[in-house]
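S.K.: compute the structure for the input listed below.
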Amino acid sequence: MSSLTLLEHYARRLPLTEGRLASLSADEIAKLRQLWRLLLSEFDTAAPLPVLFSLAHAPASEHDTEDLTALSFEPLVSLGSKPDKDNGATPPRTTTATTVQATPARDAGSGGWLSWASGSRSSPSSSSGISTPAPIGDSAETLRLRRETVQEYIHRTDPATLVAPLVPPSFTPLFGQPALARSFSAAFWQAATQMRDPDAWVLRFLRARKWDVDQALDMLRKTLAWRVGQAIDEVAYFGESKLHHHTMDTGLAFACTTDRLGCPVYVVRVRANVAHNRSILAIKRFLCWQLETSQLLAADSDGRVTILFDLSDVTRENIDLGLVRMLITLLSNYFPETLGIMILYVNSWFFWGLWTVIAPFIDPVVKSKIVMVRATREITPYIDLDRLPLELGGQKPFSYSYIQPTTEENACMADTAARQAAEREYVSAIADYECATRQWLAQQAGTDDFSSAPTRCAARDKLREAVVELDPFVRSRTLHHRLDQLRPDYTVAL
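M.R.: Down below sits the predicted model:
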């Protein structure tokens, strides 16, 4: 195990290699083999997983839901609540994320902002800063805008587009699966083949559960059940067409550069967030889509991304604890090992007080990856100045502007024959990889060189080629494609 701290890895530009492909110990390879054996057994025996929140077969009342717990099959604990003594829940130990001393909370009127953050569901009454979008309001028109998708916005503002949806509305699951269920194996391959090597995806769960194979399998089962329940394959298929237009247009979160270890950097402009301006469902889909598509940009960094929260000039109405809970739940439970580091760029007294409320409820593993900075010079140990956007005090001339999708960019999704041909190659490549994996597992442990098993490596490369060919038929093009950040051959240019 490396003795270097996270900061030392960044200072020396040394990628994290422990527990990753090409750097596995004999014991770690043995754990990987054990987990693969269990997975292959699950392929043959696991019951189908139900789709609970389909986009293609959504009920008429779908847009009315504000159910935050729909994000997870487990209840989300309120950040301001005490643990339930009856269920044996134990609150996380309070630890300090950085050596920076938090400023005491300031009163902001009746009850103070801290009491609002701890329990009240009503929005605070203070006015927003100049860079904060004003709340949309409560009229029939503005309530519609809270939920208006990119597709609906384009249809409303350009009547000529009414006859042509951005994405063909008929979604067909891979592997000939039924509309409202997926097999365990289908769900697994849809997720694992986003990585260049399926082993890399499986290893995430082993690292996240400290190489306990049974716990890793349990986490993987829950992740696949959640992915199917939330219809993540449909989220990828419909893409931005089903996302909230106002959230996309204002640039709440976007990828624009890489850090010193080559991880994609997502900037979250907290001042652009006003919870009243969109529904819970809207932000849930937005976060799921962002994290799912981040894996395309993170192919060279083992799926890891850096999230930079720009907390400059935030006010009470920008702080949305529901959004924080969602992101933490996603990163901790369903996208393990995706978070590289989280940089909190803070120059507001308001957040320091709020941090004392949030910190005790953050997963310790997530908290260990949080870095707090108060100036541009404190960001540069993690992101070089020439890679840091101008709006954060850097030198990179990147300015977010939402380029709307077009029907033409997804035209191939309507070509049924071409999709079927690509899917046949994909299914064949999976079968070859599965066969090669079974052969690898049949070999006596310790007699093979994991990193250079020729049959399995060839099957892996064939599978990657098949994934790239199939992707345009099952995933609508993204803003990353329009900005040329993601090339047709799936190389990345951030």
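
S.K.: tell me the centre residue of this protein?
M.R.: residue 291 (1.8 Å; Cα atoms, centre = their mean).

S.K.: for the chain, give me the ranges with low pLDDT.
M.R.: 1-2, 58-138, 161, 163, 445-452 (pLDDT under 70).

S.K.: and with 50 instead?
M.R.: Low-confidence segments of the chain (pLDDT under 50): 60-130.

S.K.: work out for me the element the residue nearest to the centre of the chain sits within.
M.R.: In this assignment (DSSP states H and E), residue 291 forms part of helix 280-297.

S.K.: spit out the contact partners of the residue nearest to the centre of the chain.
M.R.: Contacts here follow Cβ atoms under 8 Å, 6 or more residues apart in numbering; on that basis residue 291 touches 330, 331, 335, 338. C-beta coordinates here come from the backbone N, C-alpha and C atoms, glycine included.

S.K.: which stretches of the stretch 151-300 of the chain form strands?
M.R.: Ranges of strands within the stretch 151-300 of the chain are 181-182, 253-258, 264-269, based on DSSP state E, counting those that start in this stretch.

S.K.: an error on my part: the question was meant for the stretch 351-494 of the chain.
M.R.: Taking DSSP E, counting those that start in this stretch as the test, the strands found in the stretch 351-494 of the chain are 370-373.

S.K.: which stretches of it form helices?
M.R.: Listed in chain order, the helices of the stretch 351-494 of the chain (DSSP state H, counting those that start in this stretch) span 364-367, 376-379, 416-442, 454-474, 479-482.

S.K.: got a markdown table for the ones you listed, with mean neighbour count and distance to residue 156 too?
M.R.: Output for the helices of the stretch 351-494 of the chain, formatted as a markdown table (neighbours: other Cβ atoms under 10 Å; distance: least, Cβ to Cβ, whole Å):
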| stretch | mean neighbour count | distance to residue 156 |
| --- | --- | --- |
| helix 364-367 | 14 | 39 |
| helix 376-379 | 14 | 39 |
| helix 416-442 | 16 | 30 |
| helix 454-474 | 18 | 27 |
| helix 479-482 | 19 | 20 |
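
S.K.: please identify which of these is closest to residue 244.
M.R.: Residue 244 sits nearest to helix 479-482 of all the helices of the stretch 351-494 of the chain, at 13.8 Å, using Cβ to Cβ.

S.K.: how about residues contacting that closest one?
M.R.: For helix 479-482, contacts defined as Cβ under 8 Å, 6+ apart pick out 240, 248, 254, 255, 293, 296, 297, 402, 403, 405, 409, 486.

S.K.: burial count for the first one?
M.R.: Going back to what we said before, that points to residue 240. Using other Cβ atoms under 10 Å, residue 240 has 24 neighbouring residues.

S.K.: residues in contact with the nearest residue to it once chain neighbours are set aside?
M.R.: Once flanking residues are discounted, residue 240 sits nearest to residue 150: 4.9 Å by Cβ to Cβ, 6 or more residues apart in numbering. By Cβ under 8 Å, 6+ apart, the contact set of residue 150 is 166, 240, 241, 242, 243, 244, 245, 248, 404, 405.

S.K.: now with 10 Å, please.
M.R.: Contacts for residue 150 (Cβ atoms under 10 Å, 6 or more residues apart in numbering) come out as 166, 238-249, 402, 404-405.

S.K.: any of the residues you listed buried? List them.
M.R.: Buried members of those, counted by 16 or more other Cβ atoms under 10 Å: 166, 238-249, 402, 404-405.

S.K.: okay, now the nearest residue to residue 404 once chain neighbours are set aside: neighbour count?
M.R.: Leaving aside its sequence neighbours, residue 404 sits nearest to residue 154 (Cβ to Cβ, 6+ apart; 6.2 Å). Residue 154 is flanked by 21 other residues according to other Cβ under 10 Å.

S.K.: quick check: residue 170 touching residue 56?
M.R.: Yes: between residue 170 and residue 56 there is a contact at 7.7 Å, judged by Cβ atoms under 10 Å.

S.K.: out of those two, which sits in the more crowded spot?
M.R.: residue 56 (17 against 9).

S.K.: if you count neighbours, what's buried in the helix or strand containing residue 35?
M.R.: If you go by DSSP H and E, residue 35 is part of helix 26-45. Buried residues in helix 26-45, counted by 16+ other Cβ under 10 Å: 28, 29, 30, 31, 32, 33, 34, 35, 36, 39, 42.

S.K.: can I assume the first one is in contact with residue 22?
M.R.: What it means is residue 28. No: the pair residue 28 and residue 22 does not pass the contact test of Cβ under 10 Å, sitting 11.5 Å apart.

S.K.: from residue 488, how far out is residue 424?
M.R.: The spacing between residue 424 and residue 488, counted by Cβ to Cβ, to the nearest Å, is 21 Å.

S.K.: strand 253-258 and whichever helix or strand comes after the helix holding residue 291, what's the angle between them?
M.R.: Later in the chain than helix 280-297, the nearest helix or strand by DSSP H and E is strand 305-310. Angle between the axes of strand 305-310 and strand 253-258 is 110 degrees (criterion: axes from the mean of the first three to the mean of the last three Cα atoms, to 10 degrees).
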